[in-house]
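In: sequence first, then the predicted structure, then my questions.
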Amino acid sequence: MSEIITDKLTGKTSAGDVTITSGSATMKLQEGICTGWLHIDMYNSNTEKGSVNISSSTDNGTGDTTATFTNNSASATDRLVLVHAQNSNNGNQASGANRGGMVCSQSNLTNATSTIRAVSFYGSSGGSDAGAYDIEGLHISKFSELA
């Protein structure tokens, strides 16, 4: 088995043109990596628990957080954003018929190449009984080509 030890990979044709090939499948490296992530505790004063490539996070109100990335995406539309809610210690967000799982949605802001806004709700997302809620662990991950 061969081993390559390096601090930097640069494409032969252009700096970002590094590909990985497995059999007949080929993928551009810079389009297939997580370019930033944020783990934040909205329930306890928007305490950041960890991040990569995040310059700041903003508490927009109950259940509403914006992550601002240090390095922008090349495109606002050619990216994958994953938002995951974890609510293990404070499960009193709803009672009775309104109790349900967490639902998170992400939306683009004006400068969608550098920001992601995530909102968490409890209860029925299809009815009028859903409400915004600060959850214990919000995870936002972005997969995209860097600008």
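Out: Yes, it's here.

In: tell me which residues are up against stretch 40-55.
Out: 34-39, 57, 59, 63, 65, 67-71, 89-90, 120, 134-138, 140 (C-beta atoms under 8 Å, 6 or more residues apart in numbering). C-beta coordinates here come from the backbone N, C-alpha and C atoms, glycine included.

In: centre of the chain to that stretch, how far?
Out: Counting by C-alpha atoms, centre = their mean, to the nearest Å, stretch 40-55 is centred 12 Å from the centre of its parent chain.

In: list the buried residues in it.
Out: Using 16 or more other C-beta atoms under 10 Å as the test for burial, stretch 40-55 gives Ile40, Asp41, Met42, Tyr43, Ser51, Asn53, Ile54.

In: the strands in this protein, which residues?
Out: Shown for the chain, the strands assigned by DSSP state E span residues 19-22, 25-28, 34-41, 47-52, 54-61, 64-69, 79-86, 103-107, 115-122, 131-132, 137-144.

In: least confident of those strands, on average?
Out: Across those, strand 103-107 has the smallest mean pLDDT, namely a mean of 55.

In: widest-spaced pair of the buried residues of stretch 40-55?
Out: Largest separation among these by C-beta to C-beta: Tyr43 and Asn53, giving 24.1 Å.

In: can you add distance to Ile5 and give the strands of the chain back as CSV?
Out: Shown next, in CSV, are those (distance: least, C-beta to C-beta, whole Å):
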stretch, distance to Ile5
strand 19-22, 17
strand 25-28, 22
strand 34-41, 22
strand 47-52, 22
strand 54-61, 28
strand 64-69, 29
strand 79-86, 30
strand 103-107, 37
strand 115-122, 34
strand 131-132, 48
strand 137-144, 26
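
In: phi, psi for the closest residue to Gly36 other than its chain neighbours please.
Out: In this structure, Gly36 finds its nearest non-sequential neighbour in Asn53, 3.5 Å apart by C-beta to C-beta, 6 or more residues apart in numbering. Dihedral angles of Asn53 (phi, psi; degrees, to the nearest 10) stand at phi 60, psi 30.

In: any idea how far Asn53 is from Val83?
Out: Separation of Asn53 from Val83 (C-beta to C-beta, to the nearest Å) stands at 16 Å.
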